[in-house]
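Q: Just the structure for this:
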Amino acid sequence: MNPEATGSRTSLHRRIRPFRTGGMALGGVPMATVLYLQGAPPGSWLFLAFTALLWPQLAWLLARRSADPYRAEIRNLLVDSALAGAWVPLMHFSLLPGALLLTLTTVDKISTGIRGLWLRSLPGMLLAMAAATLVTGGAFDPETPMPVILACLPVLLIHTTSVALGSYRLIRKVGLQNRELDRLHRTDSLTGLSGRADWERHAAELLREQAPGGAAACLLLIDIDEFKRVNDRHGHAAGDEVLRAIGATVGALLRSGDRAGRIGGDELVVLLPSTPEPLAIAVAERLRSAVEAIRLDDYPDVRPTVSIGVAGCGASSTLRDWFNAADRALYRAKDGGRNRVVA
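A: Just a heads-up that it's a prediction; the model follows:
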């Protein structure tokens, strides 16, 4: 058994079912081998049939029909450990199958990810072991014959492989979740552009990497014209649509290596590495024209435009200097009538 620890409470019994069914059937092979070599009575064989074949199905039915399947499955897992404990004396403490059974049963409890479950299973396991010892009269034969060793190998190999595969799937799942969280952390959810922390990090890298005499990087500071009026007249849903449309337009026009982000509110920024100012102005004009052509199906009266300030980083010693230079150019664009580019 190796159910993933990250599954939901309600699906615990469904995740454990195949592992319990397969694990107990496999475990029945070395137990049957020990019973055969011991010449065990019919009662032991009946108990083996219950443990290896009937109990996994009964456990499934008990959990599925319970008002609280999660708690019912916890009880089933504790019963699993008690059954394992009982089988150690019934096999006359045969060393390898007994140790294998107790170890794998405990590992299964740990693999569920339920905190402290393996500790909670120990009292039941020890009590069942003590009761079975009384039933067998304390018969003790720890030697493990070769047929029993061979019967134990499939259990050891298959169980270890299933645990490894389960751990691999869990690691991959956690890795994918971590990458998605990192993407969400770096991305503005409304525009789909970089968040502020992400573009500021890239801007700082551009400043550090700026080579003397090389083509200066440029920063475009973009402000949506009359954005407050859009929100006031048409509602914030219209404002969100404008931001989404402009974000998609800006993202579609970026060149390889460019980086666009949202500062907050109605302001966006574009970083253009190794771009001289005349080329940056041309890029800004393309962005301005593309935004001017945006039409929103749900808000046909909304005609968004943007004002853009352009600044190169050649004379900027810090990110704040660079940003302030672009901000001054943006204010000149807005003072000049909006919907224009100023460097």
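Q: Every contact and neighbour count from this point should use C-alpha atoms.
A: OK.
Q: Tell me the secondary structure at residue 142.
A: coil (DSSP: H, G, I helix; E, B strand; the rest coil).
Q: try residue 29
A: Going by three-state DSSP: residue 29 is helix.
Q: how many neighbours does it have?
A: Per other C-alpha atoms under 10 Å, the neighbour tally for residue 29 reads 19.
Q: Find the residue closest to it in space, skipping its chain neighbours.
A: Using C-alpha to C-alpha, 6 or more residues apart in numbering and skipping the chain neighbours, the partner closest in space to residue 29 is residue 151 (6.1 Å).
Q: pretty sure that neighbour contacts residue 32?
A: No: assessed by C-alpha atoms under 8 Å, residue 151 is found out of contact with residue 32, at 9.1 Å.
Q: in what helix or strand does residue 321 lie?
A: Assessed by DSSP states H and E, residue 321 sits inside helix 319-335.
Q: Need the contact partners of that helix.
A: 200, 203-204, 207, 219-223, 307-313, 316, 339-343 (C-alpha atoms under 8 Å, 6 or more residues apart in numbering).
Q: Kindly give a single ChimeraX line that selects the buried subset of those residues.
A: To isolate the buried members of those in ChimeraX, using 16 or more other C-alpha atoms under 10 Å:
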select :200,203,207,219,220,221,222,223,307,308,309,310,311,312,313,339,340,341,342,343
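Q: just to revisit the earlier point, give me the buried positions along the helix holding residue 321.
A: Quick answer for helix 319-335 (16+ other C-alpha under 10 Å): 319, 322-323, 325-334.
Q: And stretch 90-108, by the same measure?
A: Buried, per 16+ other C-alpha under 10 Å, within stretch 90-108: 90-98, 100-102, 104-106, 108.
Q: and that stretch, average pLDDT?
A: The average of the pLDDT scores along stretch 90-108 is 92.
Q: ditto for stretch 292-310
A: According to the model, stretch 292-310 has a mean pLDDT of 91.
Q: Output it in PDB with nothing but the alpha carbons.
A: Output of stretch 292-310 as PDB, limited to C-alpha atoms (Å, rounded to 0.1, in the frame of the first residue of the first chain):
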ATOM      1  CA  GLU A 292      -5.800  52.400 -30.100                       C
ATOM      2  CA  ALA A 293      -7.300  49.700 -32.400                       C
ATOM      3  CA  ILE A 294      -8.700  47.700 -29.500                       C
ATOM      4  CA  ARG A 295     -12.500  47.200 -29.500                       C
ATOM      5  CA  LEU A 296     -14.300  45.400 -26.700                       C
ATOM      6  CA  ASP A 297     -17.400  43.400 -27.700                       C
ATOM      7  CA  ASP A 298     -19.100  44.000 -24.400                       C
ATOM      8  CA  TYR A 299     -18.300  47.700 -24.200                       C
ATOM      9  CA  PRO A 300     -18.400  49.100 -27.700                       C
ATOM     10  CA  ASP A 301     -18.300  52.700 -26.400                       C
ATOM     11  CA  VAL A 302     -14.900  52.100 -24.700                       C
ATOM     12  CA  ARG A 303     -12.000  53.200 -26.900                       C
ATOM     13  CA  PRO A 304      -8.800  52.800 -24.800                       C
ATOM     14  CA  THR A 305      -5.600  54.700 -25.600                       C
ATOM     15  CA  VAL A 306      -2.300  54.800 -23.800                       C
ATOM     16  CA  SER A 307       0.400  57.400 -23.200                       C
ATOM     17  CA  ILE A 308       4.000  56.100 -23.100                       C
ATOM     18  CA  GLY A 309       7.200  57.500 -21.700                       C
ATOM     19  CA  VAL A 310      10.500  56.200 -23.000                       C
END
